[in-house]
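This is the structure alone, sequence omitted:
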């Protein structure tokens, strides 16, 4: 498969997102026929993490550009620009490979956003996103399901 392309419509939607306030999101998907990253839907405004979960398909990858405002533990308000690479374990291998190939292209085009990866819809929580954005890896999502353990392999 050739390198994915980000079209003008997607770039325009990104510019529109950057011009808005916080708590808005843009969901992107890969058009497999044209090998382009396209806008899945319009910009979502006044959106929470729970709202985003409702917008995502459970077994198909997506890229989410999320301008997010939240309260830290010490009641300060933080604002983050997060690129969430949602890549469910249950999705088709062909899709996983295509989105994996496109991931670096998307990340290089939207450099003002911090990229994190979430692999399961059940891990798509505010606490997980805060942990991953804060650089806490490995334990952010908790223990793996028994069916995904590799026992050192």
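Sure, I can see it. Model, not experiment: these values are computed from the prediction.

Low-confidence bits of this structure, can you list those?
Residue ranges of the chain with pLDDT under 70: 1-2, 136-153.

Longest helix of it, counting residues only.
Counting by DSSP state H, the longest helix found in the chain is helix 93-109.

Report the next helix or strand after it in sequence order.
Using DSSP states H and E, the next helix or strand after helix 93-109 towards the C-terminus is strand 114-118.

distance between that following strand and the chain's centre?
Taking the mean of its C-alpha atoms, strand 114-118 sits 6 Å from the chain's own mean (CA atoms, centre = their mean, to the nearest Å).

List the strands paired with that strand, with their directions.
strand 77-86 (parallel) (DSSP bridges).

What is the neighbour count of residue 130?
Each residue near residue 130 was counted by other CB atoms under 10 Å, and the total is 19. Every C-beta, even on glycine, is put in place using the N, C-alpha and C of the backbone.

next one: residue 103
The number of residues packed near residue 103 is 19, by other CB under 10 Å.

So it versus residue 49, what's the distance?
From residue 103 across to residue 49, the span is 21 Å (CB to CB, to the nearest Å).

Assign residue 38 to helix, strand or coil.
Secondary structure, DSSP: H, G, I helix; E, B strand; the rest coil: residue 38 is strand.
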